[in-house]
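1. Based on what follows, work out the 3D shape:
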Amino acid sequence: MSNFIWASKRTLDDLATLCGSNITLNKSASAYFENAYVVLLGWDPSTLEVAIKPLTKEDAISGLIPEDQMHNITVKSSYSRICNKAFMQEISEVAKLPFENDQCYKFKTVWNEKENVLIIDLKHREV
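-> Next comes the predicted model:
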């Protein structure tokens, strides 16, 4: 009998793809946003990390978070997408990621259970 290692349909890594106008999360990373109504987007220029925090509808309508800080997320069966061209332009400048000619970049993500956020480390790009 052969020693086959059978491939799984599930991607083992949570990945984010950053493009000029959006962040796309693969199926694995999207699992954290299945119940998200909207998200918060943030970044730390000193650590070059982007954070995506899911918010429920109750969070969104509570009035505790300014409406202009809430971003729509589209959750599909195999990916999720957050569109914000201005945010991506900031990320491009700070992280030195040129998005010309429809260039996109993949990064591993890590879920921070304590903060309830998905972290994208812009210092470690996937090839």
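
2. The top helix by length along the chain packs against which elements?
-> For the chain, the longest helix by residue count, based on DSSP state H, is helix 85-95. With contacts taken as 3 or more CB pairs under 8 Å, 6 or more residues apart in numbering; DSSP states H and E, helix 85-95 sits against strand 22-26, strand 38-44. For every residue, glycine as well, the C-beta is placed using N, CA and C.

3. Columns distance to residue 121, mean neighbour count and mean pLDDT on top of the ones you listed, output as JSON lines?
-> As requested, those are exported to JSON lines (distance: least, CB to CB, whole Å; neighbours: other CB atoms under 10 Å; pLDDT from 0 to 100):
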{"stretch": "strand 22-26", "distance to residue 121": "13", "mean neighbour count": "21", "mean pLDDT": "98"}
{"stretch": "strand 38-44", "distance to residue 121": "10", "mean neighbour count": "17", "mean pLDDT": "97"}
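
4. remind me which residues of this structure are low pLDDT?
-> 1, 8-12 (pLDDT under 70).

5. For the longest strand along it, list every residue counted as buried.
-> Secondary structure of the chain per DSSP state E: the longest strand is strand 117-126. For strand 117-126, burial by neighbour count (16 or more other CB atoms under 10 Å) applies to 117, 118, 119, 120, 122.

6. Ok, stretch 50-64 next?
-> Result for stretch 50-64 [16+ other CB under 10 Å]: buried residues 50, 51, 52, 53, 54, 55, 59, 60.

7. so of the residues you listed, which ones are in strands?
-> Counted as lying in strands by DSSP E, out of these, are 50, 51, 52, 53, 54, 55.

8. Name all residues that make contact with the closest residue to residue 119 other than its chain neighbours.
-> Nearest non-adjacent residue to residue 119, counting by CB to CB, 6 or more residues apart in numbering: residue 110, 5.0 Å away. Applying CB atoms under 8 Å, 6 or more residues apart in numbering to residue 110 gives the contacts 14, 118, 119, 121.

9. Alright, calling it a day.
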